[in-house]
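Trainee: Sequence and predicted structure are below.
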Amino acid sequence: MNPNEIKLSRKLVNLVIEFVDKNRNLADDKITIQNYFNILEDLGNGVIEKIKFKNSTIWDLDTILKNFPLLAIENRDINLKNIIK
């Protein structure tokens, strides 16, 4: 696969890598990396640090984080560290 053949998303603390076709339509296949965004631990501690593609492109941790959309919410922010245990 190449970078243009995937879409990254976040589902709670999980990173989801979804495969897309040439028109960017989602395919049925996906990879879920559980606890990738575990806010109770240091980000990067034990997570996948690199993704290497067929065309030799390599995404490091910073590139991975830059390639998925952050979704804002309208309500006020809350500190999840006190809620999730």
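Mentor: Thanks, I have it.

Trainee: Please enumerate the helices of this protein.
Mentor: 61-66 (DSSP state H).

Trainee: From Asn23, how far out is Leu61?
Mentor: Here the criterion is C-beta to C-beta, to the nearest Å. By it, Leu61 lies 29 Å from Asn23. In this view, the C-beta of every residue, glycine as well, is placed from N, C-alpha and C.

Trainee: Which of those two has more residues huddled nearby?
Mentor: Comparing Leu61 with Asn23 by other C-beta atoms under 10 Å, the one with more neighbours is Leu61, at 14 against 5.

Trainee: Spatially, and excluding backbone neighbours, which residue is closest to the more buried one.
Mentor: Counting by C-beta to C-beta, 6 or more residues apart in numbering, Leu61 lies nearest to Glu49, which is 5.3 Å off, once chain neighbours are set aside.

Trainee: Val47 now?
Mentor: Tyr36 (5.2 Å).
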